[in-house]
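> Generate coordinates for the sequence data below:
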Amino acid sequence: MADTPNTEVLARGFTFELNTGTIAVPVWTSVNHINTWNHAPSAQDADTTTFDDDGRDSHMKASRGDEFTLNGLYQVDEATGVRDAGQEACEAWGDEIGQSSRKQFRISDPATPPNVIGPYLATATVTRGGGGNNDPSTWVCAMKVSGALNP
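Next up is the predicted model:
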């Protein structure tokens, strides 16, 4: 019998980095102060149903997609106004439109270094702030992958 994995991995051990350089000369900037993250795969089916299928749907996958979301706490030094460099870079990325809106991002798995998801091209949408009376202000970066997950 083959060995099977038997160790859980804590989500807090993953690292998240945005390429603030170029694809030819990457500069990986860490995005910090994340308290949850998730991956949401998606797919589109092509309908291949014919009369021969006796009223049953028939389909095949036509495309697949991925979105990763980082949820964290908005970070700023109240005395100087200095922001977390990774959060600030993601916010600038989230404001981009057109070809420049696609940037490289990667996630590193702590269990089997250097097991890296990506780098992949993605676009970003960033939510700056939110919360209640007794909550720290939130920060969210949703990254929708463009093309292959591991180009």
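> Can you give me the pLDDT of the most centrally placed residue in the chain?
The centroid of the chain falls nearest to residue 68 when counting by CA atoms, centre = their mean (2.8 Å). You'll see residue 68 listed with a pLDDT of 94.
> likewise the one 10 residues further on?
Confidence at residue 78, expressed as pLDDT, is 89.
> Now the residue nearest to the centre of the chain: which helix or strand?
Per DSSP states H and E: residue 68 is located in strand 59-73.
> buried sites along that strand?
Of all the residues in strand 59-73, those buried under the rule 16 or more other CB atoms under 10 Å are 66, 67, 68, 69, 70, 72, 73. Every residue, glycine included, has its C-beta placed from N, CA and C.
> by contact count, what packs against it?
Judged by 3 or more CB pairs under 8 Å, 6 or more residues apart in numbering; DSSP states H and E, strand 59-73 is in contact with strand 34-47, strand 138-145.
> out of these, deepest packed?
Each of these was scored by mean neighbour count; the highest is strand 138-145, a mean of 22, by mean count of other CB atoms under 10 Å.
> The residue nearest to residue 94 when sequence neighbours are not counted: neighbouring residues, count only.
Distances taken as CB to CB, 6 or more residues apart in numbering place residue 126 nearest to residue 94, at 3.4 Å, with adjacent residues excluded. Other residues within reach of residue 126, judged by other CB atoms under 10 Å, total 17.
> what's the spacing between residue 126 and residue 90?
Distance of residue 126 to residue 90, given as CB to CB, to the nearest Å: 5 Å.
> intersection of neighbour lists for these two?
Common contact partners of residue 126 and residue 90 (CB atoms under 8 Å, 6 or more residues apart in numbering): residue 141.
> report the angle between the axes of the worst-scoring helix or strand of the chain on mean pLDDT and strand 138-145?
The helix or strand of the chain with the poorest confidence is strand 116-128; it has a mean of 89 (mean pLDDT, DSSP states H and E). Put simply, strand 116-128 runs at 130 degrees to strand 138-145, going by axes from the mean of the first three to the mean of the last three CA atoms, to 10 degrees.
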